[in-house]
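**Student:** any chance you can model this:
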Amino acid sequence: MIASLILVVSIAFFVQFFVFYTRSLIAASCKHALSESVREITGITGQRVQTAQFARLLQLVELCPGPGNDEMGIRAVRAYFGVLSLAKSWLTRIPSAAISKATAWAEGERASCAYFAATALDQRMAYSRALLSHGTAS
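**Tutor:** Reported below is the predicted structural model:
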């Protein structure tokens, strides 16, 4: 009985830490303005990134070499996006005003995850440019 209680509390703390960690990564990325080259490559117009672009942005992120220090954050945001997508699909089946607010919140969080992916792509592209400029300067 005590072991199961410890397990449940540990899982709850892990989930809470995971959500705070991913939301802090997303909040930090929202302060980053996207470069024109990323906007051009991805077709992003305006300040918002569509949630439908998330998977494509992550594919582009995987194609760009990175410094290697952002992998854990990208995996965490990918998992958070998946959890939000699952929650949104469950919530849309329940007709209620409170549920529609929760669905709108989940969609806003998913859009923030997509913006995070765009900023990760932007940072990796900047890293690649820096590598090329150092390689050609030698």
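**Student:** for whichever helix or strand Glu107 is part of, packing partners?
**Tutor:** Element membership for Glu107 (DSSP states H and E) is helix 97-137. Contacts defined by 3 or more CB pairs under 8 Å, 6 or more residues apart in numbering; DSSP states H and E place helix 97-137 against helix 2-30, helix 36-42, helix 54-63, helix 71-91. Backbone N, C-alpha and C define where each C-beta goes, glycine included.
**Student:** how about the residue nearest to the spatial centre of the chain, what does it touch?
**Tutor:** Central residue of the chain (CA atoms, centre = their mean): Cys113, 3.1 Å from the mean position. Residues near Cys113 by CB atoms under 8 Å, 6 or more residues apart in numbering: Ile26, Thr51, Phe54, Val77, Tyr80, Phe81, Leu84.
**Student:** quick one, what contacts Tyr21?
**Tutor:** Residues near Tyr21 by CB under 8 Å, 6+ apart: Ala76.
**Student:** let's see 10 Å
**Tutor:** Met72, Gly73, Ala76, Val77, Tyr80 (CB atoms under 10 Å, 6 or more residues apart in numbering).
**Student:** measure it to Gly66 for me?
**Tutor:** Distance of Tyr21 to Gly66, given as CB to CB, to the nearest Å: 19 Å.
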